[in-house]
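Participant: Can you look at this prediction? I've put the sequence above it.
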Amino acid sequence: MPAFTTCSTATEYFDRMREVFDRVDAAAIDAYADCIFDTWRNRRRVFLCGNGGSAYTASHHVADYVKTASVEGQPRLHAISLNDNLGLLTALGNDVSYDDIFVWPLDAYEAKAGDVLVAISCSGNSPNVVKAVQWAKDHGVTTVCLTGFSGGKIGDLADIHIHFPSDNYGVIEDCQMSVGHIVAQALQQRIANTSQ
């Protein structure tokens, strides 16, 4: 586990977030929004995964992509969090390997070219996330990786890498959550514009 910093005041925390936002590549987030809109337009699927807090971030993104981005009379995005079937996750972790908990459902759902895998990880080095990203690349699935710290292994594998250069887990996770909100709002606007 990488070393991490903490903050002692709200002002310090907000200053850290501001520093990170000033250094993030906003064009990468816009490229992600473009990718998700293309996925919606082509009626393909978006899979998301992560561990710990990143698992909840993945689920939150799905809620926003399916509900917040929806436009009456238009199809909804097919977004799936690979974290949300606790029985499957624990069965795979117990009977196969925790490193395979995301690869197995990707294979079962027949993820393929035109689909997208969004991998969320602070370190970028979680073995099950790295394995899922590598599987996705091997099967022609577009990979979008949201990372912190140095970006880790998945940062090097990503088709689109959204990197928040920080060593504070809370700051990284808050920034990664904001990406879901940005992309959901961009998607909603683009879908609305196609129906006019």
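Facilitator: Arrived safely, thanks for sending. Residues are numbered from 1 along each chain as shown.

Participant: residue contacts, the closest residue to Ala158 other than its chain neighbours?
Facilitator: Leaving out its chain neighbours, the residue that sits closest to Ala158 by C-beta to C-beta, 6 or more residues apart in numbering is Cys145, at 3.7 Å. Placement of C-beta: from N, CA and C, glycine included. Going by C-beta atoms under 8 Å, 6 or more residues apart in numbering, Cys145 touches 118-121, 124, 133, 151, 154-155, 157-158, 160-162.

Participant: Turn those into JSON lines, including pLDDT, distance to Cys7 and neighbour count.
Facilitator: JSON lines is the format used below for the contacts of Cys145 (pLDDT from 0 to 100; distance: C-beta to C-beta, whole Å; neighbours: other C-beta atoms under 10 Å):
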{"residue": "Val118", "pLDDT": "98", "distance to Cys7": "27", "neighbour count": "33"}
{"residue": "Ala119", "pLDDT": "98", "distance to Cys7": "26", "neighbour count": "29"}
{"residue": "Ile120", "pLDDT": "98", "distance to Cys7": "22", "neighbour count": "33"}
{"residue": "Ser121", "pLDDT": "98", "distance to Cys7": "21", "neighbour count": "29"}
{"residue": "Gly124", "pLDDT": "97", "distance to Cys7": "22", "neighbour count": "27"}
{"residue": "Val133", "pLDDT": "98", "distance to Cys7": "30", "neighbour count": "30"}
{"residue": "Gly151", "pLDDT": "97", "distance to Cys7": "22", "neighbour count": "20"}
{"residue": "Ile154", "pLDDT": "98", "distance to Cys7": "26", "neighbour count": "25"}
{"residue": "Gly155", "pLDDT": "97", "distance to Cys7": "24", "neighbour count": "22"}
{"residue": "Leu157", "pLDDT": "98", "distance to Cys7": "31", "neighbour count": "17"}
{"residue": "Ala158", "pLDDT": "98", "distance to Cys7": "28", "neighbour count": "24"}
{"residue": "Ile160", "pLDDT": "98", "distance to Cys7": "29", "neighbour count": "20"}
{"residue": "His161", "pLDDT": "98", "distance to Cys7": "26", "neighbour count": "20"}
{"residue": "Ile162", "pLDDT": "98", "distance to Cys7": "22", "neighbour count": "25"}
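
Participant: In strands, which of those residues fall?
Facilitator: Among the contacts of Cys145, the residues falling in strands (DSSP state E) are 118-120, 160-162.

Participant: Report all helices and strands that the longest helix belonging to the chain contacts.
Facilitator: Taking DSSP state H as the criterion, the chain has its longest helix at helix 169-194. Counting by 3 or more C-beta pairs under 8 Å, 6 or more residues apart in numbering; DSSP states H and E, the packing neighbours recorded for helix 169-194 are helix 10-23, helix 26-41, helix 53-63, strand 142-147.
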